[in-house]
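Trainee: sequence and predicted model, in that order:
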Amino acid sequence: MSCQKYQDALVALARREGDPRDYDQVRAHLEECASCRRRFDEQQALTAGLRALAEASSHEHPSDALEACLMASFDEERTRAAAPAATRPGTWLRWWPAAAAAVLAIGAAAWWQAARTPAPLPAAPIAGVIELTGFQALPQAAALPDFDSGEVVRTEIAVSALPVYGLGILPDAPAATVKVDLLVGQDGQPRAIRLVPDESLDTRSR
Amino acid sequence: MTLLSSQAFASYAALVARVAAGDVGAFGELYRRRRGDVYRFALHMTGSRAAAEDVAQDAFLAVMRSAARYDASRATAISWLCGIARNCVRQRLDRERPFQPLASLAGGADAEPAAQSDPLGELELAEGIERLRRMVLSLPVPYREAVVLCDLQELSYADAAAAMRCGVGTVRSRLHRGRELLAAKLGAERRQAGPAAGRDARCTT
């Protein structure tokens, strides 16, 4: 009789899996096969050793400091998740310097582009989201006067600054910056934004 | 790890749902109930208390951030938690390979003092356990995971399979292979200890 067919059952029996009555055939084999009997004894000894190891480790726990740290983290996460973006004073204050710098840079780039390109684009009044092109009106643009012409300026901004432009942060962004197209009016003020199409995956408007 | 009834599984699923909803009390309860399992799993996998503490922290941070994605129809809360801990351990092992286990855990500064009733027997037992702990640590990671989850954490094959993201058959074969390797190491050690010990070990029928 081949011993091979008993190998799995032998380990299962040594681990005391299932109903002992399921192993009558294996026990009978062990009575007549010294090789399998030796292997079974080794596995039984191993089971006892592993149980002793598990028992010896049963008092092991992480430190109390970890619990305090995790509870504080949970509280912080919960507060952050619960607070709407507009009511988070810390958030806006944190973004403001970056936003101001970005707007200044964009304005300067737009002015330079406008000075270099004499022929303006056809009039393109902005009203909310421009669905055909994927542009989204900037929150700041609502306070600006209408404009007759403008142009698209491609630039790179920090992922963390996206909320300033009314876009959600990209949690899976591969880099700290993303390329965006800005629709800049002839007055040098940006009116709308879109992520460069191949980087616009998983974009969420707020 | 104690075996849980289906009612207990359901209560764990409810606990995770409450964590997802931002219930700090539920998170604390989940942490206190399962911290030992996560920590000990990491300890057996890494051999280091510091690493185990880091893994426990990473795992529970991941729990608070991904509780909303937990799907009770796909895995029990326990296997989900073990799966998260396994990912954290794997990341750490990949980052810090080869990992050097610290000095004997049994003799660590914060280990509980051993009972003094039979000092020699206790010492031999402690040494045997420590040797086995090192043998487990020396197993290849896939076999080590199966041995730790099934034999040390006492997860069912199904729960271990969910945690390891593989089939039950794969868990069983990895566990058996891991146990064979351990038995071979124990046998080799016994033979090295002396011919008499080796002869005793072989004459079992």
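Mentor: Here it is on my side, so go on.

Trainee: would you state the strands of chain A in chain order?
Mentor: Using DSSP state E, the strands of chain A run over A:136-137, A:150-158, A:177-185, A:190-195.

Trainee: so where's the chain shaky on pLDDT?
Mentor: Chain wasn't specified; assuming chain A. A:1, A:82-100, A:102-103, A:110-133, A:147-149, A:164, A:169-175, A:186-188, A:197-206 (pLDDT under 70).

Trainee: try again with chain B
Mentor: For chain B, the stretches flagged by pLDDT under 70 are B:1-10, B:97-123, B:194-205.

Trainee: go ahead and flag the most central residue of it.
Mentor: Among the residues of chain B, B:Phe41 comes closest to the average C-alpha position under Cα atoms, centre = their mean, at 2.8 Å.

Trainee: now it. Nearest residue, chain neighbours left out?
Mentor: Counting by Cβ to Cβ, 6 or more residues apart in numbering or on different chains, B:Phe41 lies nearest to B:Ala85, which is 5.3 Å off, once chain neighbours are set aside. Where C-beta positions appear, they are placed from N, C-alpha and C, glycine not excepted.

Trainee: so that neighbour makes contact with B:Arg40?
Mentor: No - in this structure B:Ala85 lies outside contact range of B:Arg40 using Cβ atoms under 8 Å: 9.8 Å.

Trainee: looking at the two, which has the bigger crowd around it?
Mentor: B:Ala85 (29 against 24; other Cβ atoms under 10 Å in any protein chain shown).

Trainee: show me the domain layout of chain A.
Mentor: Domain assignment for chain A, taken from automatic domain parsing, gives A:4-57, A:87-199.

Trainee: how long is the shortest one from one end to the other?
Mentor: The first and last residues of domain A:4-57 sit 35 Å apart, counting by Cα to Cα, to the nearest Å.

Trainee: is it up against chain B anywhere?
Mentor: Yes - shown here: domain A:4-57 in contact with chain B (Cβ under 8 Å from any Cβ of the partner chain) through A:7-8, A:11, A:15, A:34, A:37-39, A:41-43, A:45-47, A:49-50, A:52-54, A:56-57.

Trainee: buried ones among those?
Mentor: Neighbour counting by 16 or more other Cβ atoms under 10 Å in any protein chain shown classes A:11, A:15, A:37-39, A:41-43, A:45-47, A:49-50, A:53-54, A:56-57 among these as buried.

Trainee: CA-only coordinates of stretch A:141-152, as PDB, when you get a sec.
Mentor: Extracted in PDB, the C-alpha atoms of stretch A:141-152 (Å, rounded to 0.1, in the frame of the first residue of the first chain):
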ATOM      1  CA  ALA A 141     -13.400  83.500 -11.600                       C
ATOM      2  CA  ALA A 142     -16.900  84.100 -10.400                       C
ATOM      3  CA  ALA A 143     -15.800  87.500  -9.100                       C
ATOM      4  CA  LEU A 144     -14.000  88.500 -12.300                       C
ATOM      5  CA  PRO A 145     -15.500  90.400 -15.200                       C
ATOM      6  CA  ASP A 146     -16.500  88.600 -18.400                       C
ATOM      7  CA  PHE A 147     -13.800  88.400 -20.900                       C
ATOM      8  CA  ASP A 148     -13.800  88.300 -24.700                       C
ATOM      9  CA  SER A 149     -10.600  86.400 -25.500                       C
ATOM     10  CA  GLY A 150      -8.000  84.300 -23.800                       C
ATOM     11  CA  GLU A 151      -5.700  81.500 -24.300                       C
ATOM     12  CA  VAL A 152      -4.700  78.100 -22.800                       C
END
